[in-house]
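Engineer: Whatever this is, show me its structure:
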Amino acid sequence: MKTEISQEVIQLGPIILGLLFACILFIVFATAKWKLHPFLSIIASTYIFALGTNLIGKLSGQEVPIIADIGATITSGFGGIIASIGLVIIFGTIIGKVLEKTGAAIKMAEVVLRLLGDRHPAIAMSIIGWIVSIPVFCDSGYVILSSLKKSLAKRSGVSVVTLSVALSTGLYATHTLVPPTPGPIAAATNVGIGSSGLFWVIIIGIIVSIPVALAGHIWARTVASKLPTSLDEATETFEEYKARFGKLPSTWAAFGPIALPLLLLALGSIANFPIGTDVDGNKEMLMRGFAHTLFTFLGAPVNALFAGVLLAIFTLLPKRDEENLTKLMGDGLLDAAIIIMITGAGGALGSVIKATPIADYVKSLVSDNAAMVGVGALILAFLIAAVLKTAQGSSTAALIITSTIMMPLMPSLGLMEMMGTVPLGQILTVMAIGSGAMAVSHVNDSYFWVVSQFSGMNLKTAYRAQTMATLVQGLTGIIVVCILGAIFL
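Structural biologist: Residues are numbered from 1 along each chain as shown. As a prediction, this is how the structure comes out:
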């Protein structure tokens, strides 16, 4: 709960801002050095920041605490963010789990290979990874597609390291930038993007992720192709590999659980598209009456993703028995629970930050410093995410924590600009954070070990192939975001 902030308290801004940076360093140290789970490190830093802020106010002679009720502020922030994003994360994770376990991801790969043939195996792997990682976690996607990569390398004669990095960077590009992957969804919610804006997060995420995936592909073709591997040559063909999954779903069934939510989100945005104002000054929407009500309902993210879950269950699961429904859904819920808890912890930290005068202080800083507004602020978001990612390894945690920190500061940093009904400033902030959450993947990142171990790379080779590729991708992402910011913000 935020109290009235006096001028004296606003003058404490530099000290409180310094405390916030110290808490960020604590999160980095606790997760990287002590191996503390991100949930606990964020909650601990939230209490440290809240108590420290009140102590600073007390020592300065303030009679009223800056944060009047720390417990209520933390719980409201934790519960508020879960209420808005919890089901969306659960439904998105379940869709990805179904696609992973039923062979739908392999079907997607087969469709791409059928279109490209054997002529361009590296670009095929980049595109396959780019598509599969929209609903499926990049770690799982890489494991699923690893045997495909080996058999394609044998069939085409292209270096397996080239195909490994092409696949890994294709997966990575959409993992941190394009919903319904949980990280970007959580970041979008944390920075205040409403349900009508999620469709545009997807569209702009796709736009940014294409050059990011292309940068990873170029690195795979030019650098990774010269690196060695100890991976044995594939002993099975792609057809034999597909046979492991039994009968694969149809193309429509494989792509449907992703395509349907995107279509419904698009219709929801169209339904709420303003075309002018009436005589009383109220907004007139493109759709009216029942059509507006229907598509607004279906286009709400939680409803659109639930429709995707239902479609996945009834078109992909061969048997809707206990094995498929109970265990598979349970696995999806288990994966989602970790992300939801980290997201809730991030919401608690954000709520505490909002209750302090940091935003007022940052506003006073940037009023005479144009470099910190707009594009400069996007670079700041990128750097915070990159530091967190590099230090503690989890891209999802970096997305959530950074978006939490940035949200209260965004109005002061010029990141709340609208382009018509599109919250462009907030969306570009999510893209900047997502770009930072790529840089870099190394030994504290589980994805680094998945890629290196399933590709037969030693540590030195993996650093040159995977770690440097993710650095190139992150830098490419922030360059694209800054260009868009310079044009539109």
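Engineer: Every contact and neighbour count from this point should use C-alpha atoms.
Structural biologist: OK.
Engineer: Please state the backbone phi and psi of I210?
Structural biologist: phi -60, psi -50 (degrees, to the nearest 10).
Engineer: which residues in the stretch 51-200 of the chain form helices?
Structural biologist: Remark: helices assigned in the stretch 51-200 of the chain by DSSP state H, counting those that start in this stretch are 70-101, 104-116, 121-132, 138-156, 160-175, 182-190, 198-222.
Engineer: who touches the last one?
Structural biologist: Just to be clear, that refers to helix 198-222. Residues from elsewhere that reach helix 198-222 (CA atoms under 8 Å, 6 or more residues apart in numbering): 122-123, 126, 130, 161-163, 165-166, 169-170, 172-174, 177-179, 185, 188, 262, 265-266, 269, 301, 422, 427, 431, 465, 469-470, 472-474, 476-477, 480-481.
Engineer: List only those of the residues you listed flagged as buried.
Structural biologist: For the contacts of helix 198-222, a burial check counting by 16 or more other CA atoms under 10 Å picks out 122-123, 126, 130, 161-163, 165-166, 169-170, 172-174, 177-179, 185, 188, 262, 265-266, 269, 301, 422, 427, 431, 465, 469-470, 472-474, 476-477, 480-481.
Engineer: residue ranges with poor pLDDT in this protein?
Structural biologist: 1-10, 117-118, 231-238, 274-286, 365-372 (pLDDT under 70).
Engineer: For it, which segments count as strands?
Structural biologist: With strands called from DSSP state E, the chain shows them at 274-277, 283-285.
Engineer: Can you redo the helices of the stretch 51-200 of the chain as a markdown table, where the extra columns are distance to T53?
Structural biologist: Shown next, in a markdown table, are those (distance: least, CA to CA, whole Å):
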| stretch | distance to T53 |
| --- | --- |
| helix 70-101 | 10 |
| helix 104-116 | 49 |
| helix 121-132 | 43 |
| helix 138-156 | 39 |
| helix 160-175 | 35 |
| helix 182-190 | 22 |
| helix 198-222 | 34 |
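Engineer: end-to-end on stretch 315-334?
Structural biologist: End-to-end distance for stretch 315-334, by CA to CA, to the nearest Å: 23 Å.
Engineer: Actually, stretch 22-40.
Structural biologist: Start to finish, the residues bounding stretch 22-40 are 16 Å apart (CA to CA).
Engineer: before we move on, what about stretch 351-358?
Structural biologist: One end of stretch 351-358 to the other measures 12 Å (CA to CA).
Engineer: Can you give me the distance of P180 to N444?
Structural biologist: Relative to N444, P180 is positioned 25 Å away (criterion: CA to CA).
Engineer: Looking at those two, which is more packed in?
Structural biologist: More crowded of P180 and N444, by other CA atoms under 10 Å: P180, with 30 against 18.
Engineer: Please look at the more buried one and G92 and confirm they touch.
Structural biologist: Yes - assessed by CA atoms under 8 Å, P180 is found in contact with G92 at 5.6 Å.
Engineer: where do the contact lists of these two overlap?
Structural biologist: Common contacts of P180 and G92, defined by CA under 8 Å, 6+ apart, comprise P135.
Engineer: does T93 really touch L334, like I thought?
Structural biologist: No - T93 is beyond contact range of L334, at 9.4 Å (criterion: CA under 8 Å).
Engineer: Settle it for me: which of those two has more neighbours?
Structural biologist: Looking at T93 and L334 with other CA under 10 Å, you find the greater number of neighbours at T93, namely 29 against 14.
Engineer: check contacts around the more buried one.
Structural biologist: T93 makes contact with P135, V136, T181, P182, G332, L333, D335, A336, according to CA under 8 Å, 6+ apart.
Engineer: what about it, distance to F306?
Structural biologist: Separation of T93 from F306 (CA to CA) stands at 11 Å.
Engineer: So which of the helices of the stretch 51-200 of the chain is nearest L59?
Structural biologist: L59 sits nearest to helix 70-101 of all the helices of the stretch 51-200 of the chain, at 17.7 Å, using CA to CA.
Engineer: out of the helices of the stretch 51-200 of the chain, nearest to M341?
Structural biologist: Evaluated with CA to CA, those place helix 70-101 nearest to M341, the distance being 8.2 Å.
Engineer: Compute the inter-axis angle for that closest one and helix 121-132.
Structural biologist: Here helix 70-101 points in a direction 130 degrees away from that of helix 121-132 (axes from the mean of the first three to the mean of the last three CA atoms, to 10 degrees).
Engineer: Please compute how far helix 70-101 lies from its chain's middle.
Structural biologist: Centroid separation between helix 70-101 and its chain, computed with CA atoms, centre = their mean, to the nearest Å, is 13 Å.
Engineer: Name the residues of that helix that come out as buried.
Structural biologist: Residues 70, 73-78, 80-82, 84-101 are the ones in helix 70-101 that count as buried (16+ other CA under 10 Å).
Engineer: out of the contacts of T93, who has the most neighbours?
Structural biologist: Among the contacts of T93, P182 has the most neighbours (other CA under 10 Å), with 31 neighbours.
Engineer: Spatially nearest residue to that residue (excluding sequence neighbours)?
Structural biologist: I89 (5.4 Å; CA to CA, 6 or more residues apart in numbering).
Engineer: Please apply the same query to I27.
Structural biologist: Spatially, and ignoring its direct neighbours in sequence, I27 is nearest to S41 (5.3 Å; CA to CA, 6+ apart).
Engineer: From what I see, that neighbour and T31 are in contact.
Structural biologist: Yes - contact status for S41 versus T31: in contact at 6.7 Å, counting by CA under 8 Å.
Engineer: distance of T470 from A437?
Structural biologist: Distance of T470 to A437, computed by CA to CA: 10 Å.
Engineer: Same check on A243?
Structural biologist: 36 Å.
Engineer: Looking at those two, which has the bigger crowd around it?
Structural biologist: Taking neighbours as other CA under 10 Å, A243 and A437 compare with A437 leading, 35 against 12.
Engineer: G289: how many residues sit nearby?
Structural biologist: By other CA under 10 Å, the residues close to G289 number 7.
Engineer: Kindly apply the preceding question to S250 instead.
Structural biologist: So S250, with other CA under 10 Å, has 14 neighbours.
Engineer: list the contacts for it?
Structural biologist: S250 touches K107, counting by CA under 8 Å, 6+ apart.
Engineer: Identify the residue spatially nearest to I48, adjacent ones excluded.
Structural biologist: C23 (7.3 Å).
Engineer: for the nearest residue to G434 once chain neighbours are set aside, what are its contacts?
Structural biologist: Spatially, and ignoring its direct neighbours in sequence, G434 is nearest to T176 (4.9 Å; CA to CA, 6+ apart). Shown in contact with T176 (CA under 8 Å, 6+ apart): G183, P184, S395, T396, L399, G434, S435, A437, M438.
Engineer: State the phi and psi torsions of T176.
Structural biologist: phi -100, psi 0.
Engineer: what about the closest residue to A377 other than its chain neighbours, how many neighbours?
Structural biologist: Computed as CA to CA, 6+ apart, the closest residue to A377 that is not its neighbour in sequence is L413, at 6.0 Å. L413 has 25 neighbours, counted by other CA under 10 Å.
Engineer: One more: the one 3 residues further on?
Structural biologist: Number of residues near M416 (other CA under 10 Å) recorded here: 20.
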